[in-house]
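Novice: coords below, sequence missing:
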């Protein structure tokens with residue numbers, strides 16, 4: 001294996017690493033905010049709001065992300081009303097189009113994760129908060145929100161890891177991130193194994209750091225789960 005070539009490949013891929021990180025950060029942030037809105041609609045008492053949220057989640061969870069990205073980038077430009085609208089300067093840019101596609105897709109998955117976290121909140125905790133005079137935003141901030149977030153964090157961590165890997169699809173709409181540059185180098189050198197090996201190492205490192213950070217957050221938010229059960233020391237001594 002040519003170590004000099006691997007070094008050159010790694011250097012070229014690391015130069016576009018900020019693009020991959022930006023894709024991930026923007027799409028996860030926007031998707032998370034949209035997921036909060038969808039979760040609110042999903043648990044709303046309004047039947048129309050619940051129906052809209054269910055339909056959105058079904059469409060974006062039930063169709064491939066790649067097709068969503070192609071429809072947004074290549075499909076919308078075929079309509080004159082879109083090309084002459086104020087959003088066209090954004091939709092015609094591959095980077096922004098990829099961010100929007102990733103955000104719309106992850107919002108559907110994240111909304112269900114958040115809803116699961118809300119359903120895991122014990123009703124007695126909510127009743128206790130109401131007994132203390134809490135209501136509305138204060139009840140959510142002090143009781144419902146923290147408990148729901150702790151419950152949904154493991155599933156949300158999986159979604160974040162999946163999103164990090166999904167940023168590689170942006171290369172198919174000409175976004176020159178890690179996978180895009182890797183494909184470009186392969187087309188000129190035909191050294192597929194070495195180049196994709198370097199790209200895979202970068203994604204593995206990114207996901208390793210992400211998983212470690214989320215694991216630290218989960219342990220920090222759930223110190224009571226780290227407590228040793230009563231009697232463990234006695235059993236071990238026996």
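Specialist: Cool, the structure landed. Keep in mind that what you see is a predicted model, and the values were worked out from it rather than measured.

Novice: distance of residue 131 from residue 185?
Specialist: 64 Å (CB to CB, to the nearest Å). All C-beta atoms are positioned from the backbone trio N, CA, C, and that covers glycine.

Novice: with neighbour numbers in mind, choose between these two.
Specialist: residue 185 (21 against 8; other CB atoms under 10 Å).

Novice: mind listing what the nearest residue to that one once chain neighbours are set aside touches?
Specialist: Leaving aside its chain neighbours, residue 185 sits nearest to residue 195 (5.2 Å; criterion: CB to CB, 6 or more residues apart in numbering). The neighbourhood of residue 195, defined by CB atoms under 8 Å, 6 or more residues apart in numbering, consists of 9, 182, 185, 186, 189.

Novice: hmm, try it at 7 Å
Specialist: 9, 182, 185, 186 (CB atoms under 7 Å, 6 or more residues apart in numbering).

Novice: got a markdown table for the residues you listed, with secondary structure and distance to residue 62 too?
Specialist: Below are the contacts of residue 195 laid out as a markdown table (DSSP: H, G, I helix; E, B strand; the rest coil; distance: CB to CB, whole Å):
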| residue | secondary structure | distance to residue 62 |
| --- | --- | --- |
| 9 | helix | 37 |
| 182 | helix | 30 |
| 185 | helix | 35 |
| 186 | helix | 32 |
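
Novice: what is the nearest of the residues you listed to residue 207?
Specialist: Nearest to residue 207 out of those is residue 182 (CB to CB; 16.6 Å).

Novice: next one, pLDDT for the closest one please.
Specialist: pLDDT for residue 182: 96.

Novice: and it, how far is that from residue 160?
Specialist: For residue 182, the distance to residue 160 - CB to CB - is 22 Å.

Novice: between those two, who's got more neighbours?
Specialist: The residue with more neighbours, out of residue 182 and residue 160, is residue 182; 24 against 19, by other CB under 10 Å.

Novice: and the longest helix seen in the chain, which residues are buried?
Specialist: For the chain, the helix with the greatest residue count under DSSP state H is helix 192-221. By 16 or more other CB atoms under 10 Å, the buried positions in helix 192-221 come out as 194, 195, 196, 198, 199, 202, 203, 206, 210, 214.

Novice: got those as TSV, with distance to residue 40 columns?
Specialist: Putting the buried residues of helix 192-221 into TSV (distance: CB to CB, whole Å) gives the following:
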residue	distance to residue 40
194	48
195	44
196	42
198	43
199	38
202	37
203	33
206	31
210	27
214	24
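
Novice: from the chain's centroid, how far away is stretch 204-221?
Specialist: 14 Å (CA atoms, centre = their mean, to the nearest Å).

Novice: so where's this structure uncertain?
Specialist: 224-238 (pLDDT under 70).

Novice: where's the residue most central in space within it, which helix or strand?
Specialist: In the chain, the residue lying closest to the centroid (CA atoms, centre = their mean) is residue 160, at 3.8 Å. Assigned by DSSP states H and E, residue 160 belongs to helix 145-166.
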